[in-house]
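1. requesting a structural model of the entry that follows:
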Amino acid sequence: MVYEWNTVRVVACLSIVLLHATTNIEIINGYIDQPYYQFFRLLLCFATPTFILLSILILAKRYQHQLPPHFLWRRFQFIVIPFVAAGILYAANAAFHYNESFLDALYRHIVLGDFSGWFVMTIFQLYILFFVIKKYQLSSIWFTPILFLLGIFYMTLANLNIDYFIQNEHVMRLLFIGWLPYFAIAYLIGSHYEKIAKYLVKYKFFTVLSVILAIAILYTNYYLGAQQITSRRIDIMLFVLAMTFCILAFAQILPKLPFIHILSRYSFGIFLIHWLIQEYLAPYSALLPSPFLQVMALFLSSLLVCMLLIKIISFVPFSAYLIGKSHQKQPSRN
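-> Numbering: from 1, shown residues only. Coordinates of the predicted model:
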């Protein structure tokens, strides 16, 4: 796997775990009324769209001409089936820990995606779209602007507090339409990755400036009242792109860190189970004297427990159907 791709994946993974650590601490101790703390949580929301963008970027780079056999089936096996397995685990926890009906919890977690692995179903929908585009050799000249504008229109509607969108929030989140702008951008980046990667290195300091500009725009909107802590905001798109470009640029020139490849292999499993682990560790982390210590303790402990559990599960036959194939060691390409 390309090192800078792994770096983006690791940053996104750690950001989601950290974001949910802040959420679980607030669930235990109550809302933390500190504007900069909450704005930091908003910045961490870049992680989910970044992971979606990276997934399509990799496909567009690898399969520029034709798809391999069983393209969708292999991804169903090692992405959707682990999602279902994780959903069953979360449903069992809801039935055991909260006395919820197991069947109701199963529907809520798997069909509605009401747990931290929900984005898997969104990504698989985008995989199907990618398959259709490649199968019928659709031209990116016309479909990328159409998909981009359609996604922006959908995101605009979703942020207008329309009753239907509010009442069906989980379904609206899962539906791939709201993520089409990231698909269109990622497809273009992946299709021309070699050239873009060189330009990112050449203009690496401009990527830093773009991150600063994107943060300034987000903070201005946050200060003016747009304080929803969610990744489904139009104004977070620039920050997602800026962070992705910045990481891709500097990961190509900075020394290679061995733990990046390690964490990258564990990232999919971490995405799936970290919320459940944090749910059990949060009451203990929340006893520490400050929000910073509480969050960092929960972040680090849940990360380590997740990696330990994934390592143990990896020894089980058919573990790829539980935590995906990403935990298996692969040779690096650069």
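2. show me where pLDDT drops low in the protein?
-> 326-334 (pLDDT under 70).
3. contacting residues around the residue of it most remote from its centre?
-> What lies farthest from the middle of the chain is Pro289; by Cα atoms, centre = their mean that is 30.5 Å. Residues near Pro289 by Cβ atoms under 8 Å, 6 or more residues apart in numbering: none. Backbone N, C-alpha and C define where each C-beta goes, glycine included.
4. quick one: classify it as helix, strand or coil.
-> Assigned with DSSP: H, G, I helix; E, B strand; the rest coil, Pro289 falls in the coil class.
5. that one and Leu272, how far apart?
-> According to Cβ to Cβ, to the nearest Å, Pro289 stands 32 Å off from Leu272.
6. dump the residue contacts of Met155.
-> Neighbour list for Met155: 178, 181, 232-234 [criterion: Cβ under 8 Å, 6+ apart].
7. which of those count as buried?
-> 178, 181, 232-233 (16 or more other Cβ atoms under 10 Å).
8. tell me the helices in the stretch 51-200 of the chain, going along the chain?
-> 71-75, 81-98, 102-106, 119-135, 140-158, 163-167, 169-174, 180-191, 193-202 (DSSP state H, counting those that start in this stretch).
9. run through who's touching the third one.
-> For helix 102-106, the surrounding residues in contact (Cβ under 8 Å, 6+ apart) are 87-88, 90-92, 94-95.
10. swap the cut-off to 7 Å and go again
-> Contacts to helix 102-106, defined as Cβ atoms under 7 Å, 6 or more residues apart in numbering, come from residues 87-88, 91-92, 94-95.
11. just the closest of these to Lys135, please.
-> Minimum distance to Lys135 across the contacts of helix 102-106 is 29.1 Å, recorded for Gly87 (Cβ to Cβ).
12. check contacts around His97.
-> No contacts exist for His97 under Cβ under 7 Å, 6+ apart.
13. from Met296, how far off is it?
-> Distance of His97 to Met296, computed by Cβ to Cβ: 25 Å.
14. and what of Pro255?
-> For Pro255 relative to Met296 (Cβ to Cβ), the value is 25 Å.
15. so these two - more neighbours on which side?
-> Neighbours per residue (other Cβ atoms under 10 Å) separate Pro255 from Met296, with Met296 holding more: 15 against 4.
16. and the helix or strand in which the more buried one is found, what's buried?
-> Applying DSSP states H and E as the criterion places Met296 in helix 291-313. Neighbour-count burial for helix 291-313 flags 291, 294-295, 297-299, 301-303, 305-307, 309-310 (criterion: 16+ other Cβ under 10 Å).
17. for that helix, list the C-alpha coordinates in CSV.
-> In CSV, the C-alpha atoms belonging to helix 291-313 read as follows (Å, rounded to 0.1, in the frame of the first residue of the first chain):
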residue,chain,number,x,y,z
PRO,A,291,-11.6,17.0,30.4
PHE,A,292,-8.2,16.9,28.6
LEU,A,293,-7.0,14.0,30.8
GLN,A,294,-10.4,12.3,30.5
VAL,A,295,-10.5,12.4,26.7
MET,A,296,-6.8,11.5,26.2
ALA,A,297,-7.1,8.5,28.6
LEU,A,298,-10.2,7.2,26.9
PHE,A,299,-8.6,7.8,23.4
LEU,A,300,-5.4,6.0,24.2
SER,A,301,-6.9,3.1,26.2
SER,A,302,-9.7,2.4,23.7
LEU,A,303,-7.1,2.5,20.9
LEU,A,304,-4.9,-0.1,22.6
VAL,A,305,-7.8,-2.3,23.6
CYS,A,306,-9.1,-2.3,20.1
MET,A,307,-5.7,-3.2,18.6
LEU,A,308,-5.3,-6.0,21.2
LEU,A,309,-8.8,-7.5,20.4
ILE,A,310,-8.2,-7.2,16.7
LYS,A,311,-4.9,-9.1,17.1
ILE,A,312,-6.6,-11.8,19.1
ILE,A,313,-9.5,-12.1,16.6
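18. that'll do, ta.
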